[in-house]
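[1] sequence and predicted structure, then a few things I'm wondering about:
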Amino acid sequence: MHDNKFYIRRVIFNPSQKNCAFILTLTIPLGLQQINFSQAEFLLSAEQAKDWVADIGAEVAFVGRSNVGKSSAINKITNRRGLARTSKTPGRTQHVVFFELEEGLRLVDLPGYGFAKTPLAVKQRWQKFIGEYLAERESLQALIIPMDIRRPFTQLDQQMMKWAAELSLPVHVLLTKSDKLSRGQANATLLGVKQDWLKKFEFTVQLFSASKGAGVDEAREVITLMLRDEQY
Ligand SMILES: Nc1nc2c(ncn2[C@@H]2O[C@H](COP(=O)(O)OP(=O)(O)OP(=O)(O)O)[C@@H](O)[C@H]2O)c(=O)[nH]1
Ligand SMILES: [Mg+2]
């Protein structure tokens, strides 16, 4: 069944126009079949590539700083509390964790970076398998990079953005925990992020709150595009 009433806002920036940071917001109609996110199921969690889900179909990975709310975002987007494990303590997600939305379509949860207390040996292990996952996974279509709205684009986030660009992976940024700011402050941060960072990196961005459910529909639309639209 195709639903032609499905839309996505895409922000386009032209970096060649040095003094003119023009940002255009388009609404693109699509004839893509919707995904029933609440049918998501845990598939498996594994560190080594040999144990991962077969590399066929399409997947979108959540990658970002530790404790920014990657796993909580997955739970909210799939409307499945407890599907991905969350915790107040950074470093909860420790493997590559696969969730199936429907046959051949997956969401992937990755361990967070930048938590100072993670032991060096663990950090190095994570870097190795996250690096391998991002660089070699054929079914990986795009990245969702959640960033805490109170601290977006940290040094490590910038490195991740650069890496994504080098690997030609499209990026959608979730400014998470938007409930921690007033609506006005949150919108000002969203605008500031676009003004400051679209000059440097190519990405789309939105506000998101797992606790209040803000931005869930928009995130679902973007993920549907990433998974279904070959032009994305
Ligand atoms: N207020 C608020 N808290 C949130 C939100 N999203 C997540 N949290 C809290 O932030 C903490 C970390 O959430 P997780 O989803 O485990 O974060 P993560 O990025 O998966 O963390 P790691 O797996 O350790 O990298 C938890 O205590 C969540 O309840 C949100 O939208 N608003
Ligand atoms: Mg997590």
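    Nice, thanks for sending it over. Numbers count the residues shown, from 1 in each chain. Ligands and ions are numbered 1, 2, ... in the order given.

[2] quick check: which element contains the nearest residue to Gln48 once chain neighbours are set aside?
    Nearest residue to Gln48, sequence neighbours excluded (C-beta to C-beta, 6 or more residues apart in numbering): Phe129, at 6.8 Å. Heads up, the C-betas are built off the backbone N, CA and C, glycines and all. Here Phe129 is covered by helix 120-136, with elements defined by DSSP states H and E.

[3] for the residue in the chain that ligand 1 sits nearest to, which residues are in contact?
    When C-beta to the nearest ligand atom is the measure, the chain has its nearest residue to ligand 1 at Gly112, with 2.5 Å between them. Under the criterion of C-beta atoms under 8 Å, 6 or more residues apart in numbering, the contact list for Gly112 reads 64-68, 70, 90-91, 93.

[4] and the pLDDT at the spatially most central residue of the chain?
    When C-alpha atoms, centre = their mean is applied to the chain, the residue found nearest the centroid is Ile144 (1.2 Å). Per-residue confidence (pLDDT) for Ile144: 98.

[5] can you check Asp3 too?
    What the model reports as pLDDT for Asp3 is 40.

[6] now do Pro15
    What the model reports as pLDDT for Pro15 is 48.

[7] cool, Ile77 as well?
    In the prediction, the pLDDT value recorded for Ile77 is 98.

[8] which SS class is it?
    Assigned with DSSP: H, G, I helix; E, B strand; the rest coil, Ile77 falls in the helix class.

[9] try Val97
    Three-state assignment for Val97 (three-state DSSP): strand.

[10] quick one, strands of the protein?
    6-13, 23-30, 41-46, 58-62, 96-102, 105-109, 140-148, 171-176, 204-207 (DSSP state E).

[11] can I get the ones you listed in a markdown table with distance to ligand 2?
    Formatted as a markdown table, the entries for the strands of the chain read as follows, by distance: least, C-beta to the ion, whole Å:
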| stretch | distance to ligand 2 |
| --- | --- |
| strand 6-13 | 26 |
| strand 23-30 | 30 |
| strand 41-46 | 11 |
| strand 58-62 | 8 |
| strand 96-102 | 8 |
| strand 105-109 | 6 |
| strand 140-148 | 10 |
| strand 171-176 | 12 |
| strand 204-207 | 20 |
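
[12] possible to save the ones you listed as a markdown table with distance to ligand 1?
    Output for the strands of the chain, formatted as a markdown table (distance: least, C-beta to the nearest ligand atom, whole Å):
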| stretch | distance to ligand 1 |
| --- | --- |
| strand 6-13 | 21 |
| strand 23-30 | 24 |
| strand 41-46 | 12 |
| strand 58-62 | 8 |
| strand 96-102 | 9 |
| strand 105-109 | 7 |
| strand 140-148 | 6 |
| strand 171-176 | 5 |
| strand 204-207 | 10 |
